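*Asks:* any chance you could fold what I've pasted below:
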Amino acid sequence: MPFYTFHCAKCNENKDELVPMGTEITTCKECGGPTVKQPSFRFNAHGLPNGFANTRSQSRKKE
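*Replies:* Presented below is the predicted three-dimensional model:
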């Protein structure tokens, strides 16, 4: 089961939940209001120029 981010309109909170695929609506564990699954975008580094994916981590290393 994957983690998805759900938004509760009643308490205005975003929560990550482990739910079966295809679940669009759940119940907020804090306030009992309905929560709606938020769109998720995933970054995939395939197809980037060689070394591009490592550039950011290398720039954060302290010398």
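*Asks:* which residues touch residue 10?
*Replies:* Counting by Cβ atoms under 8 Å, 6 or more residues apart in numbering, residue 10 makes contact with 28, 31, 32, 33, 34. To be clear about C-beta, it is placed using only N, CA and C from the backbone, and glycine gets the same treatment.
*Asks:* so which of these is the most crowded?
*Replies:* residue 28 (18 neighbours; other Cβ atoms under 10 Å).
*Asks:* give the buried residues for stretch 12-26.
*Replies:* Using 16 or more other Cβ atoms under 10 Å as the test for burial, stretch 12-26 gives 15, 17, 19, 26.
*Asks:* hmm, who's touching it?
*Replies:* Contacts for stretch 12-26 (Cβ under 8 Å, 6+ apart): 1-8, 28-30, 34-38.
*Asks:* any weak-confidence spans in this structure?
*Replies:* 41-63 (pLDDT under 70).
*Asks:* tell me where it has helices.
*Replies:* Under the criterion DSSP state H, the chain contains helices at 52-60.
*Asks:* where exactly do the strands run in it?
*Replies:* Applying DSSP state E to the chain gives strands spanning 3-8, 13-18, 25-27, 34-37.
*Asks:* so who does the closest residue to residue 31 other than its chain neighbours touch?
*Replies:* Spatial nearest neighbour of residue 31, excluding adjacent residues (Cβ to Cβ, 6 or more residues apart in numbering): residue 11 at 4.4 Å. Going by Cβ under 8 Å, 6+ apart, residue 11 touches 28, 30, 31, 33.
*Asks:* the second one contacts residue 8, correct?
*Replies:* Yes - assessed by Cβ atoms under 8 Å, residue 30 is found in contact with residue 8 at 7.2 Å.
*Asks:* so between these two, which is more surrounded?
*Replies:* Between residue 30 and residue 8, counting by other Cβ under 10 Å, residue 8 is the more crowded of the two (20 against 12).
*Asks:* tell me the contacts of the more buried one?
*Replies:* Contacts were defined as Cβ under 8 Å, 6+ apart; by that measure residue 8 touches 14, 15, 28, 30, 31, 33, 34, 35.
*Asks:* swap the cut-off to 7 Å and go again
*Replies:* 15, 28, 31, 33, 35 (Cβ atoms under 7 Å, 6 or more residues apart in numbering).
*Asks:* please consider this matter closed, and thank you.
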